[in-house]
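**Student:** model this:
(one chain, ligands or ions: 1)
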Amino acid sequence: MEVIIQPDGETAAWLAARIIARELRRDPYITLGLATGATMERVYRWLVQWHREDGLDFSLCHTFNLDEYVGLSANDPRSYHQYMNRHLFSQVNIDLRDTHLPDGMAVDLEMECRNYEALIKKFGGIDLQLLGLGQDGHIGFNEPLSAFQSRTRVKALTPQTLEQNARFFGGKENVPRRAITMGVGTILEARRCLLLVTGAEKAEIVARAVEGPVTAMISATALQWHPRCTVIVDEPAAARLQGREYYQWIFQNEPEWDEFRRKDAGR
Ligand code: F6R
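**Tutor:** Residues are numbered from 1 along each chain as shown. Purely as a prediction, here's the structure:
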């Protein structure tokens, strides 16, 4: 695991987007794992901008999203299908047939989960998985005590997650109670993981996720086992990290990161 601290949320999102764009240019047929939520909006904004200004090409890639709410149709403006259309898919040259999200309206949810897993396999697995972090330590919607070997399945959302997402539904009571999510095991099989965490309200949980003991109570700690996981945080989210200086030293000195140091950062 490597941790990169950026001065602010915008630069943190810029770096995550830069890594995605670089991998996409390197392999136009890449299979991307995508996330939703407030943190990711800025990442997609950068990708859309580079598509428009520099011709960043999405025409050959495939995408799999982490999750979708149970009971919301793909046309529901609050669904993750629509989130993705709004923030990315409708604004770049991706073929919608190459984008995949679980169907929250499936009659047989178990079958839907199995099919989703099979489809990911059919595409040769996920090359780069983008992840956000929930207040309760979830990645995807893998709530506390999700098994590290879990696969795509239906999960009940915790009161904390309902609270966290209440703003998108006009109140906690309107948030769907369940979601289909890739499992922790599914996520760990991605060839590379990119966890983006911003904001002071995530400082405590990101410190526990990155530096704390590995525990199923905090699903994101499973990423400590991943052979290639990059964690990008902004300064406010990094406030509780013990190893801040070491992480900063690595980022400033490792040649691998030369092209990712933004000259105008923080301006
Ligand atoms: C959404 C997802 C979640 C979010 C997390 C953070 O697809 O997988 O794990 O990434 O809840 O959400 P925000 O960015 O809204 O704080």
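**Student:** quick one, what contacts the residue of the stretch 1-150 of the chain found nearest the ligand?
**Tutor:** Using Cβ to the nearest ligand atom, the closest approach of the stretch 1-150 of the chain to the ligand is made by Gly132 at 2.3 Å. No exception for glycine: its C-beta is placed from N, CA and C like everyone else's. By Cβ atoms under 8 Å, 6 or more residues apart in numbering, the contact list for Gly132 reads Ala35, Thr36, Gly37, Thr39, Met40, Ile139, Leu195, Leu196, Val197.
**Student:** which among these count as buried?
**Tutor:** Ala35, Thr36, Gly37, Thr39, Met40, Ile139, Leu195, Leu196, Val197 (16 or more other Cβ atoms under 10 Å).
**Student:** filter those down to the ones near the ligand?
**Tutor:** Ala35, Thr36, Gly37, Thr39, Ile139 (Cβ under 6 Å from any ligand atom).
**Student:** list the beta-bridge partners for Tyr69.
**Tutor:** Counting by DSSP bridges, Tyr69 is bridged to Ala179.
**Student:** these two touch, right, it and Tyr83?
**Tutor:** No - between Tyr69 and Tyr83 there is no contact under Cβ atoms under 8 Å: 10.4 Å.
**Student:** pick out whichever of these two has more residues nearby.
**Tutor:** More crowded of Tyr69 and Tyr83, by other Cβ atoms under 10 Å: Tyr69, with 25 against 22.
**Student:** follow-up on the earlier one: can you flag which of the buried ones among the contacts of Gly132 belong to strands?
**Tutor:** Leu195, Leu196, Val197 (DSSP state E).
**Student:** take the residues you listed and write them to TSV, including distance to Glu254.
**Tutor:** Formatted as TSV, those follow (distance: Cβ to Cβ, whole Å):
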residue	distance to Glu254
Leu195	18
Leu196	19
Val197	21
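**Student:** which one of those is nearest Met1?
**Tutor:** Leu195 (8.9 Å; Cβ to Cβ).
**Student:** does that closest one touch Gln129 like I think?
**Tutor:** No - the criterion here is Cβ under 8 Å, and Leu195 misses it with Gln129 at 9.0 Å.
**Student:** show me where pLDDT drops low in the stretch 1-150 of the chain?
**Tutor:** Residue ranges of the stretch 1-150 of the chain with pLDDT under 70: none are present.
**Student:** close to the ligand: what parts of it are there?
**Tutor:** Proximity of the stretch 1-150 of the chain to the ligand is confined to 35-39, 66-67, 132-134, 138-140 under the rule Cβ under 6 Å from any ligand atom.
**Student:** just list whatever residues bridge to Ala156.
**Tutor:** Arg178.
**Student:** that one touches Glu143, doesn't it?
**Tutor:** Yes - using Cβ under 8 Å, Ala156 is in contact with Glu143, at 7.2 Å.
**Student:** these two: which has the busier surroundings?
**Tutor:** Neighbours were counted for Ala156 and for Glu143 using other Cβ under 10 Å; Glu143 has more, 20 against 12.
**Student:** now do the contacts for that one.
**Tutor:** Counted by Cβ under 8 Å, 6+ apart, Glu143 has contacts Gly134, Asp136, Lys155, Ala156, Leu157, Thr158, Thr161, Ser219.
**Student:** which of these sits closest to Ala209?
**Tutor:** Ser219 (8.5 Å).
**Student:** which ones are touching that closest one?
**Tutor:** Counting by Cβ under 8 Å, 6+ apart, Ser219 has contacts Gly137, His138, Ile139, Gly140, Asn142, Glu143, Pro144, Ser146, Val184.
**Student:** how does it look with 7 Å?
**Tutor:** Contact partners of Ser219, counting by Cβ atoms under 7 Å, 6 or more residues apart in numbering, are Gly137, His138, Ile139, Asn142, Ser146, Val184.
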